[in-house]
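# predicted model and sequence follow; I will ask about them next.
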Amino acid sequence: MQKKRVRAGIVGSGFSATFHFEALARVYGTEVEVVGVHSKDVAGGRAYAEKRGIRFFDALDPLLDAVDAIHVCVPPMFHEPISIAGLARDKFVVCEKPLTGYFGDGSPDYHWQRADKQAALDAAMASVARLADAERAGRGRLLYAENWVYAPSVQKEREILERTGGQILWIHAEEAHSGSHSVDYAYAARCGGGVLIGKGCHPLTAALYLKRVEGRARNGTPIRPKTVSARCHAITRLEAFRDAGHIRTGYYDIEDFSMMHVEFDDGTLATVFASDIVLGGIHNWVEVCANNHRTLCNINPNNAMQTYNPREEYFQDVYVVEKTGTKQGWAFTSPEEDWFTGYPQEMEAFYRTIAYGDPLESDLALAADAIATIYAAYVSAWRDGQAAAVPGGCPQA
């Protein structure tokens with residue numbers, strides 16, 4: 001079969017735009033032509049384009065005219081308007097996580113800890129509704145770029161659930177490290193919240209996805225989250241915190257530790273941790289406790305490769321693993337980090353959907369459930385852990 005050709009454009013020129021481009025270069029089932037990039041950071045966008053031999057677009061509309069699909073790789077506060085612009089032009093929209101959120105009331109003294117979290121939930125769900133309306137109104141689709149869904153270990157668990165008819169009783173999952181490199185991440189008005197949304201969206205979405213798979217395999221109906229209870233803490237902003245120089249500090253108004261406890265509509269559970277106070281590199285994993293099996297998905301780190309380095313300078317030019325504080329001693333050196341975290345598999349799957357109409361695993365409905373659960377969790381934390389109802393997301397695509 002001759003490969004179909006799809007023209008792609010990237011919006012943004014930062015960290016996520018870089019790994020999107022690298023993952024697109026590895027798509028093999030579709031001929032993907034990255035036409036160009038648009039970025040509000042003109043100097044950064046031009047440098048990004050020049051390095052990759054693609055065109056820089058100084059406005060979004062000309063980029064949309066030239067492509068079939070766009071990749072939304074900008075801070076979360078810009079996801080909705082750019083995604084809707086693409087959907088309005090019948091484009092496929094690959095949107096980074098989190099899908100959307102609440103980005104403050106516009107006041108100069110806005111502070112997340114003082115914000116009304118119910119108003120935040122209502123605003124976030126209104127944003128989800130606008131995105132769903134835009135998708136339904138045209139021929140384009142939103143493809144939610146949650147790479148945890150496509151991590152090989154998570155997809156293997158999907159197969160186990162589908163083939164064995166297992167019932168998930170409890171999911172235990174976490175994403176943690178020593179702090180984001182993003183300057184924007186310190187401010188809830190730019191990112192929609194703190195670590196609960198910024199990191200919690202990943203393990204949470206994996207948990208929501210696997211329960212959807214279970215319900216879909218059993219009777220065709222996804223199992224959705226019903227309630228959530230949560231706690232959030234700003235550990236590095238405590239007066240008693242002792243800074244030893246290994247953990248990022250200086251956050252303006254966001255939490256750096258969170259826990260969500262989700263009850264699904266079948267009564268089963270998921271417990272999700274997210275934090276910026278953990279040393280030793282990225283800590284990403286999902287544990288599934290089912291009625292007929294148990295699975296531990298070690299996304300990062302894992303022991304596919306381990307190295308011992310007696311002196312730091314020996315590995316000066318060697319990439320070991322993301323966010324590790326030192327390369328000396330024993331390390332879980334990742335031979336192919338992007339593969340274990342699902343980036344190339346995600347893009348391969350997305351472009352099979354775009355080119356050939358293959359079923360989409362990470363869609364707008366899944367993204368909507370993630371946003372609904374996250375902001376309901378913020379409501380719960382605001383109420384000192386009292387359970388909060390998770391509102392409906394959006395209809396299935």
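Yes, it's here.
# please make it C-alpha for all contacts and neighbour counts, starting now.
Will do.
# need the strands for the stretch 201-350 of the chain, in chain order.
225-233, 257-264, 269-275, 283-290, 294-300, 307-309, 329-331 (DSSP state E, counting those that start in this stretch).
# check which helices and strands the third one sits against.
Pointing back at strand 269-275 there. For strand 269-275, the elements it packs on are strand 168-176, helix 195-198, helix 201-219, strand 257-264, judged by 3 or more C-alpha pairs under 8 Å, 6 or more residues apart in numbering; DSSP states H and E.
# next, count neighbours for the nearest residue to residue 279 once chain neighbours are set aside.
In space, and not counting its chain neighbours, residue 279 is closest to residue 178: 5.4 Å by C-alpha to C-alpha, 6 or more residues apart in numbering. Neighbourhood size, residue 178 [other C-alpha atoms under 10 Å]: 22.
# residue 178 against residue 249, yeah?
No: under the criterion of C-alpha atoms under 8 Å, residue 178 makes no contact with residue 249, lying 9.4 Å away.
# hang on, the earlier thing: out of the helices and strands packed on strand 269-275, nearest to residue 290?
Closest of the helices and strands packed on strand 269-275 to residue 290 is strand 168-176, at 4.1 Å (criterion: C-alpha to C-alpha).
# if we can go back for a sec, overlap in contacts, residue 178 and residue 249.
By C-alpha atoms under 8 Å, 6 or more residues apart in numbering, residue 178 and residue 249 have no common neighbours.
# look up how far residue 201 lies from the spatially most central residue of the chain.
Against the mean C-alpha coordinate of the chain, by C-alpha atoms, centre = their mean, the closest residue is residue 97 at 3.7 Å. Going from residue 97 to residue 201 by C-alpha to C-alpha, to the nearest Å gives 7 Å.
# just to revisit the earlier point, could you dump the helices and strands packed on strand 269-275 into TSV and include distance to residue 279 and mean neighbour count?
Formatted as TSV, those follow (distance: least, C-alpha to C-alpha, whole Å; neighbours: other C-alpha atoms under 10 Å):
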stretch	distance to residue 279	mean neighbour count
strand 168-176	9	22
helix 195-198	15	27
helix 201-219	18	23
strand 257-264	13	23
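# closest to residue 291 out of the ones you listed?
Of all the helices and strands packed on strand 269-275, strand 168-176 comes closest under C-alpha to C-alpha, at 6.5 Å.
# hmm, back to that, let me know the pLDDT of the residue nearest to the centre of the chain.
Per-residue confidence (pLDDT) for residue 97: 97.
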